[in-house]
Structure formats: C-alpha cells, structure tokens
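[1] sequence plus the predicted model coming up.
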Amino acid sequence: PSRAPSSAPDGTSDGLRPTNGPPPGLDFRCFFLYGPRAPLYRRIDARCEQMVAGGMLLEAKGLLEMGLGPSTSPPTSAIGYRQAMEYLQANLHSRAALEQNFSGFLTAFQQASRQYTTRQLTWFRGDGDYTWVDMAAHDNDPATVAALIKEELAKPAPSPSDGAAGRLTKEQEREMRRYRPELAIFNDPVQIARVIGQVWHPQSSL
C-alpha cells in the first residue's frame, strides 16, 4: 500500500480533495477479492522461478559490478534482488559454491515473496473499509462475483469490517504449515547450470 500524498496548506492532497475519505455524498466502497492461500503461494513460487530463469542473477551481478551492495538502495533492497546479490557475493568465487547454494538462494527468494504477500493480506484486513469476497466460494467465476458486488452496491453501506474476513481457518493453518514449494523449472539440473553459466566464468570477481 502506498502512502497518502503530502497535504496542501488547506488540508488536501492537491488543493481539491480531502485525503481522509471520499467527497461528501459519494458512496465509495472497496472490495477485496481473495482465494485459498496454497494456490496463491504456488503462483508466487512459480513467478520467482520465472524471474530467475529470465535473467535475475545476471541483473543482480550487474548491480554488484556498479558498486552497489544488497539493501543499500531501494532497488537492491527489493525482494529477489537482495537475495540474488547476497548469493552472488558469497559464492561467485566458485562455480561449485554457486551450484551448491543455488537451492538455498531460490528458497529464500520464494519464502520472502510469500511472507510479503502475507503481510499485505494482514494490512488490508486492518482496513475496515474493505468488504472481503471469497472467490472460491463463488466458483472463481468473475461474472458471479461481479453480480454479487452489484447486489452489495444496491444495499446500504455496511458497517466497517472487523478484520476477521480472509483469516485462515484452523484446517487451512495446518495445511500451510505443511506447505512446500514444488519446483517447475529448477528441478532440472540443466536449467540450474544454464543460469549459473550466465554469471560465472573462471575469472569471476566482484
């Protein structure tokens, strides 16, 4: 979530509109569409693999060669780039070290990405303006959910949410404790060797 813009002298963000709510008379409502956590995590893990396969290590090496360090600037603090730069700093002296520790780097990247998503969900639960809509309860059908939202908009505005919506059930919590990533790209040693080959050569140094 982004911060509200800085206020103008008259207490508004741009001199036109207050930042603490919609204009008077406007029925403004927010809906948060969510689904089961495990499939979301699977998509996050897959996206992390795709980013690494697409050249993230080479980009991270370029940042290091520019003299930047992990977590020393907004770009190098970003999830994925921070882990990639730390991985390269510690292992670029040896191809064997890169290969041995690649799995740990990818796991750390995926875990940090999932944790960030969890923090986002927690943040939105704390905002009572959102009405949470469980997509799975409506067969993940956009048309059905759109009709539901239309019905809700025809009703009087609801009371602020208490933040309970979207929380994991006990059964879901147990499921997530058992969660393990399932690799789709880097279960193949050839793919690991390919991305390592992009950043390592016998004279590699930082």
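    Alright, I've got the coordinates. This structure is a prediction, so every number in the text was calculated from the model and none was measured.
[2] helices of this protein, start to end?
    37-53, 56-65, 74-77, 81-91, 95-125, 142-153, 170-177, 189-199 (DSSP state H).
[3] of all these, which lies closest to Phe31?
    Phe31 lies closest to helix 142-153 among the helices of the chain, at 5.6 Å (Cβ to Cβ). Every C-beta, even on glycine, is put in place using the N, C-alpha and C of the backbone.
[4] for the helix or strand bottoming out on mean pLDDT in the chain, which helices and strands make contact with it?
    When the helices and strands of the chain are scored by mean pLDDT, DSSP states H and E, helix 170-177 comes last with a mean of 86. Secondary structure elements in contact with helix 170-177, counted by 3 or more Cβ pairs under 8 Å, 6 or more residues apart in numbering; DSSP states H and E, are helix 37-53.
[5] contact partners of the helix it packs on?
    Residues from elsewhere that reach helix 37-53 (Cβ atoms under 8 Å, 6 or more residues apart in numbering): 80, 84, 106, 109-110, 113-114, 117, 168, 172, 175-176, 179, 181-186, 191, 195.
[6] weed out the non-buried ones from the residues you listed.
    Buried by 16 or more other Cβ atoms under 10 Å: 80, 84, 106, 109-110, 113-114, 181, 183, 185-186, 191, 195, out of those.
[7] want to throw these into CSV with distance to Ala157 and pLDDT?
    Putting the buried ones among the contacts of helix 37-53 into CSV (distance: Cβ to Cβ, whole Å; pLDDT from 0 to 100) gives the following:
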residue, distance to Ala157, pLDDT
Gly80, 40, 97
Ala84, 46, 98
Leu106, 45, 98
Phe109, 41, 98
Gln110, 39, 97
Ser113, 35, 97
Arg114, 34, 96
Pro181, 41, 90
Leu183, 46, 95
Ile185, 46, 98
Phe186, 48, 98
Gln191, 51, 97
Val195, 51, 97
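[8] nearest to Pro36, of the residues you listed?
    Arg114 (13.7 Å).
[9] now that closest one: how far from Tyr179?
    Distance, Arg114 to Tyr179, by Cβ to Cβ, to the nearest Å: 9 Å.
[10] likewise for Arg42?
    Arg42 is 9 Å from Tyr179, by Cβ to Cβ.
[11] give me the common contacts of these two.
    Shared contacts of Arg42 and Tyr179, counting by Cβ under 8 Å, 6+ apart, come down to nothing at all.
[12] so how many other residues sit close to Thr72?
    13 (other Cβ atoms under 10 Å).
[13] state the phi and psi torsions of it.
    When read as degrees, to the nearest 10, the backbone of Thr72 gives phi -100, psi 0.
[14] for Tyr81, see how far away it is.
    Distance from Thr72 to Tyr81, by Cβ to Cβ: 11 Å.
[15] Ala157 too?
    Ala157 is 42 Å from Tyr81, by Cβ to Cβ.
[16] which of the helices of the chain sits closest to Leu26?
    helix 142-153 (12.4 Å).
[17] so where's the protein shaky on pLDDT?
    Applying pLDDT under 70 to the chain flags residues 1-22, 162-163, 203-206.
[18] please consider this matter closed, and thank you.
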